[in-house]
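# sequence-free structure coming up:
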(Lines give C-alpha, C1' and ligand atoms only; values in the text may rest on other atoms or scores of the structure.)
Protein backbone atom coordinates (compact mmCIF):
# COMPACT_ATOMS: atom_id res chain seq x y z
CA UNK A 1 0.00 0.00 0.00
CA UNK A 2 0.86 3.67 -0.23
CA UNK A 3 0.01 5.30 3.10
CA UNK A 4 -0.16 9.08 3.54
CA UNK A 5 0.29 10.47 7.06
CA UNK A 6 -1.19 13.98 7.10
CA UNK A 7 -0.28 16.35 9.97
CA UNK A 8 0.18 20.11 10.55
CA UNK A 9 3.97 20.59 10.63
CA UNK A 10 7.22 18.85 11.58
CA UNK A 11 7.94 20.62 14.85
CA UNK A 12 9.27 18.93 18.03
CA UNK A 13 5.85 18.02 19.44
CA UNK A 14 3.68 15.03 20.22
CA UNK A 15 1.81 14.44 16.95
CA UNK A 16 4.88 14.82 14.67
CA UNK A 17 6.80 12.38 16.87
CA UNK A 18 3.92 9.90 16.73
CA UNK A 19 3.58 10.25 12.94
CA UNK A 20 7.32 9.79 12.40
CA UNK A 21 7.09 6.59 14.43
CA UNK A 22 4.07 5.43 12.41
CA UNK A 23 5.92 6.21 9.18
CA UNK A 24 8.89 4.12 10.27
CA UNK A 25 6.65 1.25 11.36
CA UNK A 26 4.67 1.13 8.10
CA UNK A 27 7.84 1.40 6.02
CA UNK A 28 9.41 -1.49 7.92
CA UNK A 29 6.38 -3.59 6.93
CA UNK A 30 7.09 -2.87 3.25
CA UNK A 31 4.59 -0.10 2.57
CA UNK A 32 5.32 3.14 0.71
CA UNK A 33 4.87 6.08 3.11
CA UNK A 34 4.40 9.79 2.49
CA UNK A 35 4.66 12.15 5.46
CA UNK A 36 2.48 15.04 4.31
CA UNK A 37 2.64 18.31 6.22
CA UNK A 38 0.15 21.14 5.76
CA UNK A 39 2.41 24.06 6.64
CA UNK A 40 6.11 24.55 5.86
CA UNK A 41 9.06 24.69 8.19
CA UNK A 42 9.74 22.82 11.36
CA UNK A 43 13.09 21.58 12.61
CA UNK A 44 12.10 17.93 12.99
CA UNK A 45 13.04 16.88 9.45
CA UNK A 46 16.17 15.04 10.57
CA UNK A 47 13.93 12.59 12.46
CA UNK A 48 12.14 11.46 9.29
CA UNK A 49 13.33 7.91 8.45
CA UNK A 50 15.26 7.38 5.23
CA UNK A 51 12.88 5.96 2.64
CA UNK A 52 9.88 7.97 3.86
CA UNK A 53 8.95 10.71 1.41
CA UNK A 54 8.32 14.15 2.90
CA UNK A 55 5.61 16.16 1.11
CA UNK A 56 5.17 19.84 2.03
CA UNK A 57 1.86 21.39 0.94
CA UNK A 58 3.30 24.81 1.85
CA UNK A 59 0.04 26.31 3.17
CA UNK A 60 -0.31 29.14 5.65
CA UNK A 61 -2.67 27.15 7.87
CA UNK A 62 -3.88 23.59 8.06
CA UNK A 63 -7.47 24.56 7.22
CA UNK A 64 -6.33 26.17 3.95
CA UNK A 65 -4.68 22.96 2.75
CA UNK A 66 -7.83 21.35 1.29
CA UNK A 67 -7.11 22.09 -2.38
CA UNK A 68 -3.34 21.35 -2.22
CA UNK A 69 -4.12 18.11 -0.39
CA UNK A 70 -6.73 17.17 -3.02
CA UNK A 71 -4.14 17.77 -5.75
CA UNK A 72 -1.72 15.49 -3.93
CA UNK A 73 -4.41 12.80 -3.62
CA UNK A 74 -5.24 12.96 -7.34
CA UNK A 75 -1.57 12.80 -8.31
CA UNK A 76 -0.29 10.12 -5.91
CA UNK A 77 -3.47 8.11 -5.24
CA UNK A 78 -2.56 6.78 -1.78
CA UNK A 79 -4.58 3.81 -0.59
CA UNK A 80 -4.93 5.19 2.94
CA UNK A 81 -4.74 8.62 4.56
CA UNK A 82 -4.18 8.83 8.32
CA UNK A 83 -4.68 12.32 9.66
CA UNK A 84 -3.88 13.84 13.04
CA UNK A 85 -4.89 17.16 14.70
CA UNK A 86 -8.36 18.67 14.45
CA UNK A 87 -7.74 21.18 11.65
CA UNK A 88 -5.90 18.69 9.47
CA UNK A 89 -8.64 16.13 10.14
CA UNK A 90 -11.26 18.55 8.83
CA UNK A 91 -9.10 19.40 5.81
CA UNK A 92 -8.56 15.69 5.11
CA UNK A 93 -12.31 15.00 5.16
CA UNK A 94 -12.95 17.83 2.69
CA UNK A 95 -10.08 16.87 0.37
CA UNK A 96 -11.00 13.19 0.19
CA UNK A 97 -14.61 14.09 -0.69
CA UNK A 98 -13.64 16.06 -3.81
CA UNK A 99 -11.36 13.51 -5.47
CA UNK A 100 -12.66 10.73 -7.69
CA UNK A 101 -10.39 7.96 -6.41
CA UNK A 102 -11.04 8.20 -2.68
CA UNK A 103 -8.52 6.72 -0.26
CA UNK A 104 -9.51 5.10 3.01
CA UNK A 105 -9.54 7.91 5.60
CA UNK A 106 -8.60 7.32 9.23
CA UNK A 107 -8.86 10.31 11.58
CA UNK A 108 -6.91 10.28 14.83
CA UNK A 109 -7.79 12.38 17.86
CA UNK A 110 -5.03 13.31 20.32
CA UNK A 111 -6.99 15.66 22.62
CA UNK A 112 -9.71 15.61 25.24
CA UNK A 113 -11.72 17.93 23.03
CA UNK A 114 -14.51 18.92 25.43
CA UNK A 115 -12.00 20.07 28.05
CA UNK A 116 -9.54 21.96 25.83
CA UNK A 117 -12.36 23.82 24.04
CA UNK A 118 -14.69 24.59 26.97
CA UNK A 119 -13.22 27.91 28.10
CA UNK A 120 -10.87 28.58 25.20
CA UNK A 121 -10.24 32.30 24.54
CA UNK A 122 -10.77 32.02 20.77
CA UNK A 123 -14.26 31.55 19.32
CA UNK A 124 -13.03 29.22 16.57
CA UNK A 125 -11.69 26.89 19.25
CA UNK A 126 -14.95 26.92 21.22
CA UNK A 127 -16.96 25.83 18.15
CA UNK A 128 -14.64 22.87 17.52
CA UNK A 129 -17.09 20.27 18.98
CA UNK A 130 -19.74 21.35 16.44
CA UNK A 131 -17.24 21.03 13.58
CA UNK A 132 -16.21 17.60 14.81
CA UNK A 133 -19.84 16.45 14.91
CA UNK A 134 -20.26 17.51 11.28
CA UNK A 135 -16.98 16.34 9.73
CA UNK A 136 -15.65 13.35 11.68
CA UNK A 137 -18.49 10.87 10.91
CA UNK A 138 -17.70 11.19 7.18
CA UNK A 139 -14.36 9.41 7.72
CA UNK A 140 -14.03 5.64 7.33
CA UNK A 141 -12.52 5.17 10.78
CA UNK A 142 -12.04 7.34 13.87
CA UNK A 143 -9.21 6.51 16.25
CA UNK A 144 -8.55 8.02 19.68
CA UNK A 145 -5.19 7.65 21.38
CA UNK A 146 -6.63 6.70 24.78
CA UNK A 147 -9.78 5.28 26.34
CA UNK A 148 -10.51 8.66 27.90
CA UNK A 149 -10.14 10.49 24.60
CA UNK A 150 -12.43 7.94 22.93
CA UNK A 151 -15.15 8.32 25.57
CA UNK A 152 -14.97 12.10 25.29
CA UNK A 153 -15.18 11.98 21.49
CA UNK A 154 -18.13 9.59 21.55
CA UNK A 155 -20.04 12.06 23.74
CA UNK A 156 -19.30 14.88 21.30
CA UNK A 157 -20.28 12.76 18.28
CA UNK A 158 -23.33 11.39 20.13
CA UNK A 159 -22.49 7.90 18.94
CA UNK A 160 -22.80 4.56 20.77
CA UNK A 161 -19.96 3.50 23.02
CA UNK A 162 -17.04 1.74 21.27
CA UNK A 163 -17.79 3.49 17.95
CA UNK A 164 -14.43 5.27 18.27
CA UNK A 165 -11.54 2.83 18.17
CA UNK A 166 -8.68 3.13 20.68
CA UNK A 167 -5.12 2.69 19.45
CA UNK A 168 -2.34 3.93 21.69
CA UNK A 169 0.56 5.90 20.27
CA UNK A 170 3.66 3.97 19.09
CA UNK A 171 6.28 5.26 21.52
CA UNK A 172 8.49 2.29 22.31
CA UNK A 173 10.65 0.98 19.46
CA UNK A 174 14.26 0.26 18.57
CA UNK A 175 14.59 3.92 17.61
CA UNK A 176 13.42 4.96 21.08
CA UNK A 177 16.16 2.90 22.73
CA UNK A 178 18.73 4.35 20.32
CA UNK A 179 17.66 7.85 21.33
CA UNK A 180 17.88 6.83 24.98
CA UNK A 181 21.52 5.77 24.50
CA UNK A 182 22.56 9.24 23.34
CA UNK A 183 24.95 10.99 25.74
CA UNK A 184 23.86 14.03 27.71
CA UNK A 185 25.85 16.93 26.27
CA UNK A 186 24.56 19.52 28.76
CA UNK A 187 27.50 19.60 31.18
CA UNK A 188 25.76 21.95 33.64
CA UNK A 189 22.74 19.63 33.93
CA UNK A 190 24.98 16.58 34.17
CA UNK A 191 27.15 18.05 36.91
CA UNK A 192 24.24 19.18 39.08
CA UNK A 193 24.57 17.59 42.52
CA UNK A 194 21.08 18.50 43.70
CA UNK A 195 18.03 16.35 42.87
CA UNK A 196 16.41 17.60 39.67
CA UNK A 197 12.66 17.81 39.17
CA UNK A 198 12.06 17.74 35.42
CA UNK A 199 9.06 19.09 33.51
CA UNK A 200 8.83 18.34 29.78
CA UNK A 201 6.30 19.96 27.46
CA UNK A 202 5.10 23.12 25.83
CA UNK A 203 4.84 26.13 28.13
CA UNK A 204 1.07 26.34 27.73
CA UNK A 205 -1.71 27.11 30.18
CA UNK A 206 -3.06 23.56 29.94
CA UNK A 207 0.17 22.37 31.59
CA UNK A 208 -0.62 24.46 34.72
CA UNK A 209 3.04 25.15 35.44
CA UNK A 210 2.20 27.89 37.98
CA UNK A 211 0.94 25.12 40.27
CA UNK A 212 4.20 23.23 39.73
CA UNK A 213 6.19 26.35 40.62
CA UNK A 214 4.19 26.82 43.82
CA UNK A 215 4.73 23.16 44.68
CA UNK A 216 8.45 23.54 44.00
CA UNK A 217 8.60 26.54 46.35
CA UNK A 218 7.20 24.26 49.06
CA UNK A 219 9.76 21.55 48.20
CA UNK A 220 12.62 24.08 48.42
CA UNK A 221 11.68 24.84 52.02
CA UNK A 222 12.42 21.20 52.85
CA UNK A 223 15.28 20.17 50.53
CA UNK A 224 17.79 21.80 48.19
CA UNK A 225 16.47 20.84 44.76
CA UNK A 226 16.30 22.26 41.24
CA UNK A 227 13.38 22.53 38.79
CA UNK A 228 14.15 22.33 35.05
CA UNK A 229 11.69 22.93 32.21
CA UNK A 230 12.24 21.47 28.74
CA UNK A 231 10.04 23.18 26.17
CA UNK A 232 9.07 26.60 24.90
CA UNK A 233 5.85 28.54 24.70
CA UNK A 234 3.90 31.70 25.31
CA UNK A 235 3.77 31.24 29.09
CA UNK A 236 7.52 31.50 29.72
CA UNK A 237 7.68 35.17 30.72
CA UNK A 238 4.74 34.76 33.11
CA UNK A 239 6.33 31.66 34.63
CA UNK A 240 9.61 33.50 35.14
CA UNK A 241 7.72 36.25 36.95
CA UNK A 242 5.95 33.67 39.14
CA UNK A 243 9.32 32.11 40.02
CA UNK A 244 10.62 35.55 41.06
CA UNK A 245 7.55 36.19 43.20
CA UNK A 246 8.05 32.84 44.90
CA UNK A 247 11.76 33.62 45.34
CA UNK A 248 12.90 30.41 43.63
CA UNK A 249 14.14 31.91 40.35
CA UNK A 250 17.74 30.88 41.10
CA UNK A 251 16.66 27.25 41.39
CA UNK A 252 14.49 27.18 38.24
CA UNK A 253 15.85 26.84 34.71
CA UNK A 254 14.14 27.01 31.31
CA UNK A 255 16.16 25.16 28.66
CA UNK A 256 13.74 25.62 25.76
CA UNK A 257 13.04 22.99 23.11
CA UNK A 258 15.37 20.01 23.25
CA UNK A 259 15.43 17.67 20.26
CA UNK A 260 16.05 14.59 22.41
CA UNK A 261 14.87 14.91 26.02
CA UNK A 262 15.61 11.28 26.88
CA UNK A 263 19.21 11.85 28.13
CA UNK A 264 17.88 14.61 30.42
CA UNK A 265 15.21 12.25 31.72
CA UNK A 266 17.82 9.59 32.49
CA UNK A 267 19.77 12.12 34.58
CA UNK A 268 16.78 13.62 36.42
CA UNK A 269 15.42 12.53 39.82
CA UNK A 270 11.68 12.74 39.11
CA UNK A 271 9.35 13.76 36.30
CA UNK A 272 6.60 16.20 37.27
CA UNK A 273 3.45 16.65 35.20
CA UNK A 274 1.00 19.27 36.51
CA UNK A 275 -1.44 19.41 33.57
CA UNK A 276 -5.12 20.29 33.67
CA UNK A 277 -5.83 17.98 30.72
CA UNK A 278 -3.90 15.31 28.76
CA UNK A 279 -5.09 12.68 26.30
CA UNK A 280 -1.96 10.51 26.28
CA UNK A 281 1.18 12.39 27.36
CA UNK A 282 4.17 10.86 25.58
CA UNK A 283 6.55 12.07 28.27
CA UNK A 284 4.95 9.78 30.88
CA UNK A 285 5.39 6.75 28.64
CA UNK A 286 9.02 7.70 28.00
CA UNK A 287 9.64 8.17 31.71
CA UNK A 288 8.12 4.76 32.47
CA UNK A 289 10.41 3.14 29.92
CA UNK A 290 13.48 4.84 31.37
CA UNK A 291 12.63 4.02 34.98
CA UNK A 292 12.25 7.69 35.94
CA UNK A 293 9.88 8.15 38.93
CA UNK A 294 6.70 10.05 38.03
CA UNK A 295 4.43 12.44 39.90
CA UNK A 296 1.47 13.55 37.78
CA UNK A 297 -1.91 15.18 38.19
CA UNK A 298 -4.88 12.88 37.82
CA UNK A 299 -6.29 15.09 35.07
CA UNK A 300 -8.63 14.05 32.28
CA UNK A 301 -7.59 11.49 31.19
CA UNK A 302 -4.18 10.26 30.09
CA UNK A 303 -2.04 10.12 33.26
CA UNK A 304 -4.41 7.85 35.17
CA UNK A 305 -4.69 5.56 32.15
CA UNK A 306 -0.94 5.34 31.56
CA UNK A 307 -0.10 4.91 35.25
CA UNK A 308 -2.91 2.38 35.83
CA UNK A 309 -4.59 4.54 38.45
CA UNK A 310 -1.35 5.08 40.37
CA UNK A 311 0.23 1.63 40.11
CA UNK A 312 3.16 2.89 37.99
CA UNK A 313 3.48 6.39 39.41
CA UNK A 314 2.03 8.88 41.88
CA UNK A 315 -1.21 10.70 41.00
CA UNK A 316 -2.28 13.92 42.74
CA UNK A 317 -5.31 16.23 42.36
CA UNK A 318 -5.24 18.91 39.66
CA UNK A 319 -4.28 22.39 40.87
CA UNK A 320 -3.26 21.33 44.38
CA UNK A 321 0.30 22.55 44.95
CA UNK A 322 0.43 21.17 48.51
CA UNK A 323 -0.41 17.61 47.38
CA UNK A 324 2.01 17.92 44.47
CA UNK A 325 4.80 19.11 46.74
CA UNK A 326 4.17 16.32 49.23
CA UNK A 327 4.29 13.68 46.49
CA UNK A 328 7.52 15.12 45.05
CA UNK A 329 9.17 15.14 48.47
CA UNK A 330 8.12 11.53 49.10
CA UNK A 331 9.51 10.34 45.74
CA UNK A 332 12.76 12.26 46.20
CA UNK A 333 13.21 10.78 49.67
CA UNK A 334 12.23 7.20 48.73
CA UNK A 335 12.46 6.60 44.94
CA UNK A 336 10.11 3.80 43.85
CA UNK A 337 11.17 0.73 41.90
CA UNK A 338 10.90 0.95 38.08
CA UNK A 339 7.64 -0.15 36.49
CA UNK A 340 7.25 -3.70 35.24
CA UNK A 341 7.76 -4.26 31.48
CA UNK A 342 4.07 -5.06 30.88
CA UNK A 343 3.29 -1.41 31.62
CA UNK A 344 4.82 -0.56 28.23
CA UNK A 345 3.35 -3.28 26.01
CA UNK A 346 0.40 -1.07 24.95
CA UNK A 347 2.80 1.46 23.44
CA UNK A 348 5.08 -0.89 21.47
CA UNK A 349 5.45 0.23 17.86
CA UNK A 350 4.86 -3.22 16.33
CA UNK A 351 1.65 -3.74 18.28
CA UNK A 352 0.30 -0.33 17.24
CA UNK A 353 1.18 -0.89 13.57
CA UNK A 354 -0.69 -4.20 13.64
CA UNK A 355 -3.78 -2.44 14.97
CA UNK A 356 -3.70 0.24 12.27
CA UNK A 357 -3.13 -2.28 9.48
CA UNK A 358 -6.17 -4.21 10.69
CA UNK A 359 -8.29 -1.14 9.87
CA UNK A 360 -7.04 -0.88 6.29
CA UNK A 361 -8.66 -2.31 3.16
CA UNK A 362 -5.54 -4.20 1.94
CA UNK A 363 -4.40 -6.12 5.00
CA UNK A 364 -1.12 -7.93 5.31
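Received it, and whenever you're ready, just let me know what you need. Note that this is a predicted model, so its numbers are computed, not measured.
# quick one: the helices in the stretch 201-350 of the chain?
All helices of the stretch 201-350 of the chain, identified by DSSP state H, counting those that start in this stretch, fall at 209-220, 236-245, 262-267, 282-290, 302-306, 321-333, 349-357.
# which other helices and strands contact the shortest one?
In this structure, helix 302-306 packs against helix 147-157, helix 282-290, with contacts taken as 3 or more Cβ pairs under 8 Å, 6 or more residues apart in numbering; DSSP states H and E. Where C-beta positions appear, they are placed from N, C-alpha and C, glycine not excepted.
# From the chain's centroid, how far away is that helix?
Its chain's C-alpha centre and that of helix 302-306 lie 13 Å apart, by Cα atoms, centre = their mean, to the nearest Å.
# Next: the fourth one.
Computed by Cα atoms, centre = their mean, the separation of helix 282-290 from the middle of its chain amounts to 11 Å.
# Neighbours of the closest residue to residue 291 other than its chain neighbours, how many?
Closest residue in space to residue 291, ignoring its immediate chain neighbours: residue 338 at 3.6 Å, by Cβ to Cβ, 6 or more residues apart in numbering. Residue neighbour count, defined by other Cβ atoms under 10 Å, stands at 14 for residue 338.
# most neighbours per residue, which of the helices and strands packed on helix 302-306?
Greatest average neighbour count among the helices and strands packed on helix 302-306 goes to helix 282-290 (a mean of 23), per mean count of other Cβ atoms under 10 Å.
# Average pLDDT for that helix, rounded please.
Across helix 282-290, the average pLDDT comes to 95.
# same deal with stretch 196-209?
The pLDDT scores in stretch 196-209 average 95.
# Show me the domain layout of the protein.
Under the assignment automatic domain parsing, the domains of the chain span 2-170+348-357, 175-345.
# Give the buried residues for stretch 102-116.
Using 16 or more other Cβ atoms under 10 Å as the burial criterion, the residues of stretch 102-116 that qualify are 103-116.
# Between those, which sits nearest residue 142?
Checking the buried residues of stretch 102-116 against residue 142 with Cβ to Cβ, the nearest one is residue 107 at 5.2 Å.
# How about the contacts made by the closest one?
83, 89, 92, 93, 136, 139, 141, 142, 143 (Cβ atoms under 8 Å, 6 or more residues apart in numbering).
# Looking at strand pairing, list the partners for it.
When assigned by DSSP bridges, residue 107 has beta-bridge partners residue 83, residue 142.
# That one and residue 152, how far apart?
Between residue 107 and residue 152 the computed distance is 14 Å (Cβ to Cβ, to the nearest Å).
# now do residue 236
Going from residue 236 to residue 152 by Cβ to Cβ gives 29 Å.
# Residue 213 now?
29 Å.
# same deal with residue 106?
Separation of residue 106 from residue 152 (Cβ to Cβ): 18 Å.
# what do you get for residue 140?
In terms of Cβ to Cβ, residue 140 sits 21 Å off from residue 152.
# With residue 86 instead?
To residue 152, residue 86 is 13 Å away according to Cβ to Cβ.
# can you check residue 5 too?
Residue 5 sits 23 Å away from residue 152, going by Cβ to Cβ.
# Same question for residue 90.
18 Å.
# Could you do residue 337 as well?
As judged by Cβ to Cβ, residue 337 and residue 152 stand 33 Å apart.
# now residue 276
14 Å.
# same thing with residue 211?
Following Cβ to Cβ, the distance that separates residue 211 from residue 152 is 23 Å.
# Residue 224 is in contact with residue 194, isn't it?
Yes - Residue 224 is within contact range of residue 194, at 5.3 Å (criterion: Cβ atoms under 8 Å).
# Could you name the residue of this structure that is farthest from its center?
residue 100 (33.8 Å; Cα atoms, centre = their mean).
# Report the contact partners of that residue.
Residues near residue 100 by Cβ under 8 Å, 6+ apart: residue 74.
# For the stretch 251-364 of the chain, give me the ranges with low pLDDT.
Along the stretch 251-364 of the chain, segments meeting pLDDT under 70 span 362-364.
# The same query, at a cut-off of 90, please.
The stretch 251-364 of the chain contains residues with pLDDT under 90 at 257, 259, 300-301, 337-343, 361-364.
# before we move on, what about the stretch 101-250 of the chain?
For the stretch 101-250 of the chain, applying pLDDT under 90 flags the ranges 101, 114-128, 159-163.
# any idea how far residue 138 is from residue 79?
Distance, residue 79 to residue 138, by Cβ to Cβ: 18 Å.
# same check, this time on residue 308
Taking Cβ to Cβ as the measure, residue 308 falls 35 Å from residue 138.
# quick revisit: as CSV, the helices and strands packed on helix 302-306 with distance to residue 39 would be great.
Formatted as CSV, the helices and strands packed on helix 302-306 follow (distance: least, Cβ to Cβ, whole Å):
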stretch, distance to residue 39
helix 147-157, 24
helix 282-290, 21
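# Between the ones you listed, which one is closest to residue 163.
Judging the helices and strands packed on helix 302-306 by Cβ to Cβ, what sits closest to residue 163 is helix 147-157, at 5.9 Å.
# Show me what the closest one is packed against.
By 3+ Cβ pairs under 8 Å, 6+ apart, helix 147-157 packs against helix 113-118, helix 128-135, strand 141-144, strand 165-166, helix 302-306.
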